[in-house]
Every structure is written in C-alpha cells, then in structure tokens.
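A.B. asks: sharing a model that was predicted from the sequence below.
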Number of protein chains: 2
Amino acid sequence: MSGVIATSCWAKTTADLVVTNGYVLTMDKDKTVYPHGTVVIKGNKIIAIGDKHLAEQYQAKQVMNVEGDIIMPGLINTHTHVSMTVFRSLADDVPDRLHRYIFPLEAKLVSRDMVRIGANLGNVEMVKGGVTTYADMYYFEDEVAKTVDKIGMRAVLGESVIKFPVADAKNADEGIDYAMKFINEYRDHPRITPAFAPHAPYTNTTETLQKVARLSEQENVPVLIHLAETVREQQVIAKRANGLSPVQYMQSIGALNSHVVAAHMISVDNKDIETAKQADIGIAHNMSANIKAAKGVSPALKMYDDGLRIGLGTDGPMSGNTLSVIDEFNQVAKVHKLVNHDRAAMPPLKVIDMATMGGARALHMEDKIGSLEEGKLADIIVVDTKAPNMVPMYNPYSALVYSANSANVKDSIVGGQIIMRNRVILTVDEDQIRQEAVDYTQVVKDAVIQSGEKVL
Amino acid sequence: MSGVIATSCWAKTTADLVVTNGYVLTMDKDKTVYPHGTVVIKGNKIIAIGDKHLAEQYQAKQVMNVEGDIIMPGLINTHTHVSMTVFRSLADDVPDRLHRYIFPLEAKLVSRDMVRIGANLGNVEMVKGGVTTYADMYYFEDEVAKTVDKIGMRAVLGESVIKFPVADAKNADEGIDYAMKFINEYRDHPRITPAFAPHAPYTNTTETLQKVARLSEQENVPVLIHLAETVREQQVIAKRANGLSPVQYMQSIGALNSHVVAAHMISVDNKDIETAKQADIGIAHNMSANIKAAKGVSPALKMYDDGLRIGLGTDGPMSGNTLSVIDEFNQVAKVHKLVNHDRAAMPPLKVIDMATMGGARALHMEDKIGSLEEGKLADIIVVDTKAPNMVPMYNPYSALVYSANSANVKDSIVGGQIIMRNRVILTVDEDQIRQEAVDYTQVVKDAVIQSGEKVL
C-alpha cells in the first residue's frame, strides 16, 4: 500500500505550466476536443494534452485553471502591415486609395519612429485579439522585430522590395540589401523569421522577382508578396507577359515555390489554383479587407477544400481595419455562404481550422504551430465562455465564429510564456504604447493637411 | 463686480446629469458634432447640448466626465427574437432550418420560463453592446416586457400571431387576443410599446393580416412582421395572390401602412421599394443574419438613399448570432461595398445614421429617440476611444464602423437613467442571469436529444 502512495507522489513529472479545466480544441488532424481538458507545457513546448485527470500527473511551477473557458491554438494572422495602425481611420473610402493616397502618405511619413510606434500599437491589439503569430510586410522590419521580441509574439517579418524609392531603400536592389542584412541579423531568433517581401509582381521587375526567388532559396527564408489582388495588377502583368495571369506569370519566371506566401489571391481561376497547389505556396485570405475595398471574394473555400495551404489575414489596419483575426471569423463564414448561395458552406470548423492550422500551413510552420499537440510550440489562447454573447455554447466552433469578438480573448501564451492574463498584457506597457500612438496622430494630421488632400 | 460673480452662481440651471468632455456625435439633421462636447439631461430628456463650456452653465446632481470617449445616441435594434438566446449556437448550418429544426424545437420548449431566461440574457448582451431600444417578435411578450422594464431599456414588443398552434395560442385568433390583452396592459408604459407581430404573410391568412391591420389602426400600435425574406414566402404568396410579390400582396389587402415594421425586405424590386415608401412602412435591415442564411443582400442602401424608414437589426440569436448592432456595422458597410462593386458605397456615416435615426424612423419614433437633440429622450451611449482597436481616431464614424466592437461600449443611459457604467450593468444581476441561462441549456439538450435530431 505504501508503495502505491509513494508512486503517486514520486511519479509526478515536472512541468512549467499546466493549463487546465477548459474546453480544449486541439485542431489536430482528428479535430480532437477535450471538453474538460488539460495542456501541459515545459519550456516553450507542449509536452502532454488530455482530459482533466492529466493535470494530476504533473508537478507544475504554475497552474492556470480556466474554469470552463475555451483553450485553443493561438490565432495566426497571415498578412498584415502592422505599423500602418498609425494611419487607421484615415481616408477609408477614397477611390484608387493605394496610389493616390497611401503611397504618397508613406513617402512623407515612413520612418523608424513611425514603424516602431505603429508596430507596438498593432502588437497590443493583436495579442488582445488572440493572435500569437503574424506575417508582416513593411519597411524597417528590424524595428518591427524589436517590438515583436519585446512583447513576446511570434512573427514572420518581410522587408519590402519595391521598384520606386521608399523610406529605407532607393530602389529594389537596395531593398534586397536591406532585407539580406535583416535576415542575417534575425536568422537564429527563436520567435522571429525574417523574410523578403517583394510588394507585388506589378511593382517589381521580372529581374527583381527572380533575384528574390534565388536568394530566398539560398537563405531558406519566406517570400511574402501581394498576388492576384487587383485589376490594375492583372492589366500590367498581362501586358508584360503575353496575357498571363499574375499567378501564371510568377510560375513562368520561376518565382512560385514553397517559400512564397501570397496575400489575397482574389482574381484566380481553376488553373491558377492548381498551379498554386503544385507550387506548394502559402495563401493569406483577407476577407474583411478585400470586401471593404470592393475587390471581390477570393475562392478561398475552394482553395481550402482542394488542400492548399490557406490561412486568414487581416491585411493592414488601413485596409481591414482591425488586426483581429477573431473579428474576421464571422465575415469569412457568412460571405462565403452568401457567394456560394449555401448556408452550409464554410462551416465554423473550417473557419477555425483556417485561422489556426491553415495559417501555420500557409507560413510553412505546421510542424511547429497551429494545433495543440505534444511536441509543438506552446502557442495557446484562452477564450471567455461566460461573456453574455458566448452563452450558451452548444457548439464551441459556432460560438467562436458567429458570436465571439476580440474582447472575449482572456489569456495568451506564446512559446510557453504567458504574455496576457485576464486581458492584461504582461510584457509591455499598454498605456505608454497607446499614448505614443495618440501623440503621433498630430504628425500624421500635419502631413495630410500639407499634402492638400481634402480627406482626413 | 460682485454682481457679475453672483450671476455666474445664481444663473446656473439645475440638471440631473451632465455627460461631458466627449466626442459628441449628435446624429441630428446636420450631423452636428462637438469634438469636446456636453449633453445635459433633466428627468428623462436632453435639455441642452453643446461644447464643453455648456457644462459650466449647469448645476447637476451627477457629472460624467467621459475623457474624450464618443458620446452618441443609443443604438436601435429594429428586429430580434431576444428569447432565442437560449438556443444560440445550436444547429447553425442546417438546411431548411426554420421549418425542419426551429419550429419543432419551439413547439417543445417555448414557455414563460424560457422566454424570461432568454430575454434576460439577451437584454444584458444588448446593453453591453450599446443597444438602448429594440423591437422584438416572439411569444409571451408580457414576460419580455417584465425583463425590459427591470433592466431599464426601451422596446417595441410584438406578440406573435401565427396560423398554427404555438405555446401561447392555439391559432391566429388566440394570438390576436393575447396581443390585445398585452397591448391593454402596457399601453401607457413609459419605455415599452406593445405591438402585434404577425409572423409573416405566408404563415398567416389574408383574413388574419387584415384583422391585425384593422386592430393596429384602432389601437394605434405597431405591426412587426417578416416580409420579403425567403423564396418559400414568394412562392406561397404568388400562388395565393395571382403572382403578386409579398410587398404588393400586403398592399393589395390593405395591410401595408405606417404602423408596419417589416423585417428583411430582401427580395424586393424597385416597384416594391416605391410601394413601401408610399405606404410609409419601417424596415429592419438584418445583414449579418441574412448572409449567414445565404438569403441574399437586401437593397438596403437604395432604400436608405430613397428616403425610406430603414434601420439595422440583428435578427434573433439563432440567426445573427449576436444581438449586438455595433458588431453588425462592419458587415453592413463592407457587404454593400462588395455587392455594389464600389468601395465608396455605404460609407460609415450612413451606417451610423441607419443604426440611430434610421432605427428611430423605422419604429416611427423619430420624434423621441435616434439623435441627441434638445427635447429628445436621453438615450445615450459612451464608446471607448482608448482601446487599442480604436486608436488613432481621425474619423469617429470610421472608427465606429470599421474598428469598434461591442466591448468598446462603456456606458449606457436610457431615458436619463444610467443603466451601465464602465461595462457594469447597474439594474440587474448579470451573473445570476447568465447562470440561469447556463442551467437552462440542459433542458434544451434533452429536448434536442429526444427529438432524434443529430445536430446539437
């Protein structure tokens, strides 16, 4: 008898953190759920997952009893421009906005300060909305990297390459040089993956796109790019490449491969989808931003059903306008139902799968993140099931997709570190970050007024 | 000199509540804003509105300094079935769901208890989402009325009239009798407007619809009805009335007039819109619920632009699935842009106008609510401008429509009474209401299991 008692004590394995008493959605291959589940973490990884009794087998430094709330993989925002938070709510409905308004505004204002201030604010918003990993395309990405490092998130950060002069490069080659330096600096960071971000096919030459493809292969880093997004892009590329679509053009020049993460993919036909699948590219589906700009609806459901690597993205905060993937769920489900004339299309489980494993696959990180499984990195969020909009909860996927909003996210853990608890971010000073962003609005207002634009 | 000093004291007018130091969006005819504004309340009414200096002219029992947050009219939810919160997240994507799933479920479960429990939960959700007035169609509306009275909201409550047996009436005539009793009981309530709610043209006979029209005229009460919502409805009515559309049919039988508030109005052509305008009916536009069911998009933008009385509605929580009008904004703006192929279509100001004055006009209450103006009822909400998703705020309408969510609503005042302050509801016990709803889920699960339905 004493042997039995001794075993129950001695046999306890040590752990750093046990998250228990929650409705665990693992998002593993079988979509296993544990209605009263436990996740055990050691270092930056999940070492065990199971029902409530699992907790008893571990001696943990810290135990989080989430009292029935949802425990699920952190959300993955596969496409944004985080620093553009400083421009949010500016000139939202201006026609030809990118060329007429945004590019000129950026030419005036993009700087290390602007990038840092905007990234800090956007990171806070994302953590509070349940995003644990994001993919960013912008300038001065080394500044974004510092903010990501500090708040404790995970990110794929793509330094922009574009043919016209921008704040941190006079031309595409200088952009590539900047990116190479950034890649070398962050290559070994545990949470940051540096990347190239050629803006789009139509804003770069064939030569540049090929050079980026070569270097991405050589350095083994991702290539983030806007692809098949706009009519203007289609026209420019068709003229350049004998009528080819943007996807076919990228394929024809040898720039479509498993390093690529393509944002938008709106104007794609079945041949493009097959090409994208064969090339094994990742795809960011940005429903909310795409329909705000009246660009149309990507055939994201078909791409998902065909097994492509597709996740959800918010796009930048001048486009979306939030950085919250959870606030996107509702629209992703409903707009696909609308355009497919089928209320059963894009059910909640698919939406949650796209936001977690889909995002991981889109970033080619599915071995590390996207689901709660033994051996994976411990990127986990807890979602409140007691807020009035989340009651009752007959189906947790339905509740998340049709009812939840970003404010229902309570806790966030990245690589085993608790970065938010009960909606308080533990790693950075949220008030200071907000105040910096508020102070910066005057700089933006002055620049807009100087530009003579009537739309503030 | 002493006279001057004395005047500045003696001249102060008394008030009950001053809400000040906020970005006031009045939503009056000129869309007047006061970036540093004040609203003064006495009794249940607004007695003055203006800039920050106005506050100094009043001696108030209570002053709310909202520190730069948005002060705006309370949101109006023009169509819901509040008690159906108890069914939320159940069988969301079942085809032919109303007839195959919902009606049978209601036949088993609708009771005074169910109606009260669901209404309590839904009221809490609505207050926390900034709704101050809602229009409801359901059964046992006297139970709903008690919950509305207690929490302190304003509501138009329509007792259902339907041709088949339901929980509180064996047939349409009994439904009318129930409604008449309810109308007589609540006719003089300061915040509750009792109403008839014939379910739809296709679930009632011509005779019933005409009887309701006559009685609504006689009693001077609203008629809430689902209209031009589904293909089945079009078919049934076309067969009944020589190919007429539901709107034309209602007109032809004398049942379309300024008492009517029609929910949905999806399948309407230009002739229907003109008929609706001439009849002066109110319209509830339920974007989120309509697209979730893949029913299509109402030409709500055209109806708004043509000057019809049109507001926003969430529909019931089995349809929407939230009761939060603010979480609807985003979709209303973006889906209309999408279907109109125009990023400038349905700009934020129109969305906010629909959610406030539009809702008031839809309920024929525009003389009392919907904007912040002298003499109107003091139905006011305060929206946080410091949450990360609301920073920066170059344009408050953009921030509300594209960035805000229900959790950004901080305070709610109805008829001069503060019913929520800093997200704490002051009039009811939120925890107890949630627990009652959670406890009731077992009753629902048992009924679904008994029914043999595979979809929980």
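C.D. replies: Right, received. Where do you want to start?
A.B. asks: C-alpha only now, for contacts and for neighbours.
C.D. replies: Will do.
A.B. asks: tell me the mean pLDDT for the helix or strand hosting residue A:115?
C.D. replies: Assigned by DSSP states H and E, residue A:115 belongs to helix A:112-128. Average pLDDT, helix A:112-128: 98.
A.B. asks: that one packs against which elements?
C.D. replies: Packing contacts for helix A:112-128, counted by 3 or more C-alpha pairs under 8 Å, 6 or more residues apart in numbering or on different chains; DSSP states H and E, involve helix A:141-151, strand A:409-414, strand A:424-425, helix A:430-451.
A.B. asks: pick the most deeply packed of these.
C.D. replies: Burial of these is given as mean neighbour count (mean count of other C-alpha atoms under 10 Å in any protein chain shown); strand A:409-414 ranks first at a mean of 26.
A.B. asks: so after the helix holding residue A:115, what's the next helix or strand?
C.D. replies: Going down the chain from helix A:112-128, the next helix or strand is strand A:131-138, by DSSP H and E.
A.B. asks: what residues does the stretch 101-250 of chain A put near chain B?
C.D. replies: Neighbours of chain B within the stretch 101-250 of chain A, by C-alpha under 8 Å from any C-alpha of the partner chain: A:121, A:122, A:124, A:125.
A.B. asks: contacts only, for the second one.
C.D. replies: Contacts were defined as C-alpha atoms under 8 Å, 6 or more residues apart in numbering or on different chains; by that measure residue A:122 touches A:82, A:83, A:85, A:323, B:388.
A.B. asks: so what's the residue count around the last one?
C.D. replies: Close neighbours of residue B:388, defined as other C-alpha atoms under 10 Å in any protein chain shown, add up to 25.
A.B. asks: and the residue in the stretch 101-250 of chain A positioned nearest to chain B, how many neighbours does it have?
C.D. replies: Closest contact between the stretch 101-250 of chain A and chain B, by C-alpha to the nearest C-alpha, is at residue A:125 (5.3 Å). A count of neighbours around residue A:125, defined by other C-alpha under 10 Å, yields 24.
A.B. asks: again with residue A:206
C.D. replies: By other C-alpha under 10 Å, 18 other residues sit near residue A:206.
A.B. asks: would you check that it makes contact with residue A:253?
C.D. replies: Yes: applying C-alpha atoms under 8 Å, one finds residue A:206 in contact with residue A:253, separated by 7.2 Å.
A.B. asks: report the separation between residue A:62 and chain B.
C.D. replies: From residue A:62 across to chain B, the span is 28 Å (C-alpha to the nearest C-alpha, to the nearest Å).
A.B. asks: tell me which other helices or strands the helix or strand hosting that residue touches.
C.D. replies: Using DSSP H and E, residue A:62 sits within strand A:58-65. Packing partners of strand A:58-65 (3+ C-alpha pairs under 8 Å, 6+ apart): strand A:13-25.
A.B. asks: where does chain A dip in pLDDT?
C.D. replies: Along chain A, segments meeting pLDDT under 70 span A:1-10, A:453-456.
A.B. asks: OK, contacts around the residue sitting nearest the centre point of it?
C.D. replies: Nearest to the mean C-alpha position of chain A, by C-alpha atoms, centre = their mean, lies residue A:77 at 1.5 Å. By C-alpha under 8 Å, 6+ apart, the contact set of residue A:77 is A:131, A:133, A:134, A:135, A:311, A:312, A:313, A:314, A:323, A:325, A:355, A:359.
A.B. asks: can I get the residues you listed in CSV including distance to residue B:157 and neighbour count?
C.D. replies: As requested, the contacts of residue A:77 are arranged in CSV below (distance: C-alpha to C-alpha, whole Å; neighbours: other C-alpha atoms under 10 Å in any protein chain shown):
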residue, distance to residue B:157, neighbour count
A:131, 40, 31
A:133, 46, 29
A:134, 46, 28
A:135, 48, 27
A:311, 43, 31
A:312, 40, 33
A:313, 41, 30
A:314, 39, 30
A:323, 38, 35
A:325, 36, 25
A:355, 39, 28
A:359, 45, 33
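A.B. asks: let me know the closest of those to residue B:72.
C.D. replies: residue A:323 (25.0 Å; C-alpha to C-alpha).
A.B. asks: what is the three-state secondary structure of the closest one?
C.D. replies: Secondary structure, DSSP: H, G, I helix; E, B strand; the rest coil: residue A:323 is coil.
A.B. asks: my read is that it contacts residue A:124, right?
C.D. replies: No: counting by C-alpha under 8 Å, residue A:323 does not reach residue A:124; the two are 9.7 Å apart.
A.B. asks: what is the end-to-end distance of stretch A:348-365?
C.D. replies: Distance between the two ends of stretch A:348-365: 23 Å, counting by C-alpha to C-alpha, to the nearest Å.
A.B. asks: list the buried ones in it?
C.D. replies: Buried positions in stretch A:348-365, judged by neighbour count with 16 or more other C-alpha atoms under 10 Å in any protein chain shown: A:348-364.
A.B. asks: and residue A:344, how many neighbours?
C.D. replies: Quick note: residue A:344 (other C-alpha under 10 Å) scores 19 neighbours.
A.B. asks: picking that back up, now the strand holding residue A:62 against strand A:13-25, angle please.
C.D. replies: Angle of strand A:58-65 versus strand A:13-25, following axes from the mean of the first three to the mean of the last three C-alpha atoms, to 10 degrees, is 40 degrees.
A.B. asks: partners of strand A:58-65 in the sheet?
C.D. replies: strand A:13-25 (parallel) (DSSP bridges).
A.B. asks: mind giving me the packing neighbours of the following helix or strand past the partner strand?
C.D. replies: Sequence order places strand A:33-42 as the next helix or strand after strand A:13-25, per DSSP H and E. Judged by 3+ C-alpha pairs under 8 Å, 6+ apart, the packing partners of strand A:33-42 are strand A:13-25, strand A:45-51.
A.B. asks: could you dump these to JSON lines with distance to residue A:397 and mean neighbour count?
C.D. replies: Formatted as JSON lines, the helices and strands packed on strand A:33-42 follow (distance: least, C-alpha to C-alpha, whole Å; neighbours: other C-alpha atoms under 10 Å in any protein chain shown):
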{"stretch": "strand A:13-25", "distance to residue A:397": "9", "mean neighbour count": "22"}
{"stretch": "strand A:45-51", "distance to residue A:397": "19", "mean neighbour count": "21"}
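A.B. asks: tabulate the ones you listed in a markdown table, adding columns for distance to residue A:435.
C.D. replies: Converted to a markdown table, the helices and strands packed on strand A:33-42 look like this (distance: least, C-alpha to C-alpha, whole Å):
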| stretch | distance to residue A:435 |
| --- | --- |
| strand A:13-25 | 33 |
| strand A:45-51 | 35 |
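A.B. asks: which stretch among the ones you listed comes nearest residue B:46?
C.D. replies: Distance to residue B:46, taken as C-alpha to C-alpha, is lowest for strand A:13-25 among those, at 46.9 Å.
A.B. asks: what does that closest one contact?
C.D. replies: If you take C-alpha under 8 Å, 6+ apart as the criterion, strand A:13-25 is touched by A:31-43, A:52, A:55, A:57-73, A:372, A:416.
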